[in-house]
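J.: fold the following, please.
(one chain, ligands or ions: 2)
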Amino acid sequence: MKLIAPTLDNLRKLYINQLQMLLSSEQQIIEALPTMIDKATDLQLKQAFQAHLQETNVHAERLEQILEEATGEANPIQCDVLAALVEEIEGMVTDTADDSIRDAALIAGAQRVEHYEIAVYGAQRHFAEVLGENAAAELLTQTLKEEEHADHLLREIAGRIDVYAEKEA
Ligand SMILES: [Fe+2]
Ligand SMILES: [Fe+2]
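T.: Numbering: from 1, shown residues only. Ligands and ions are numbered 1, 2, ... in the order given. Next up, the predicted model:
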């Protein structure tokens, strides 16, 4: 017998709950990126992180807008996945002594974050479409495209850096 009644008893509640967790994800990325910009050595990588920090601020604003329109408020719910990913990136950065290896680690970590975001935004957009939240679905699509672009750019930079890192070793 369940003592506590489940609160996510319909798709809309699940959708709102996941938007709140996604807001927490984006807020944690906004906090983590300045250190990643600082630790990156490759200029193109630094610029990619800087550009994505600006985009990430917009991602958080879009989620706040969707949540406010849907519920009248925009409160995050702690996303533990992002906290774990950020901790893992910090560990990799601490453990790398060489600049290009550190850049390779930063990219590997950042791509994990982008893939996580792509998975969650994809699911949330689907929920928005099912629920007939067309304006929200459009905003989520814009963010999803920017996450995919960030991932693509990181993959390109990795292609160049990893060859260099391997030669240096
Ligand atoms: Fe994002
Ligand atoms: Fe992102």
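
J.: what's stretch 133-140 in contact with?
T.: 15, 62, 65-66, 69-70, 121, 124-125, 128-129 (Cβ atoms under 8 Å, 6 or more residues apart in numbering). Bear in mind the C-beta positions are built from the backbone N, C-alpha and C, glycine included.

J.: let's see it at 6 Å
T.: Residues outside stretch 133-140 that contact it (Cβ atoms under 6 Å, 6 or more residues apart in numbering) are 62, 66, 121, 124-125, 128-129.

J.: what's the most distant pair in those residues?
T.: Greatest spatial distance in those: Arg62 and Glu129, 16.2 Å, computed using Cβ to Cβ.

J.: out of those two, which sits in the more crowded spot?
T.: Per other Cβ atoms under 10 Å, whichever of Arg62 and Glu129 has more neighbours is Arg62, with 20 against 14.

J.: and the residue nearest to the more buried one when sequence neighbours are not counted, what helix or strand is that in?
T.: Spatial nearest neighbour of Arg62, chain neighbours left out: Leu139 (4.6 Å); criterion: Cβ to Cβ, 6 or more residues apart in numbering. For Leu139, the host element (DSSP states H and E) is helix 134-168.

J.: how distant is that helix from the center of its chain?
T.: With Cα atoms, centre = their mean, to the nearest Å as the basis, helix 134-168 stands 11 Å off its chain's centre.

J.: list the buried residues of it.
T.: By neighbour count on 16 or more other Cβ atoms under 10 Å, the buried set for helix 134-168 is 136-137, 139-140, 143-144, 146-148, 150-151, 153-154, 157-158, 161-162, 165.

J.: do the same with stretch 74-82
T.: For stretch 74-82, burial by neighbour count (16+ other Cβ under 10 Å) applies to 74, 76, 79, 82.

J.: got CSV for those, with pLDDT too?
T.: As requested, the buried residues of stretch 74-82 are exported to CSV (pLDDT from 0 to 100):
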residue, pLDDT
Ala74, 98
Pro76, 98
Cys79, 98
Leu82, 98
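
J.: between those, which is closest to Gln50?
T.: Leu82 (19.6 Å).

J.: and the one helix or strand the closest one maps to, what's buried?
T.: Under the criterion of DSSP H and E, Leu82 resides in helix 80-95. Neighbour counts over helix 80-95 (16+ other Cβ under 10 Å) mark 82, 85-86, 89, 92-93 as buried.

J.: thanks a lot, catch you later.
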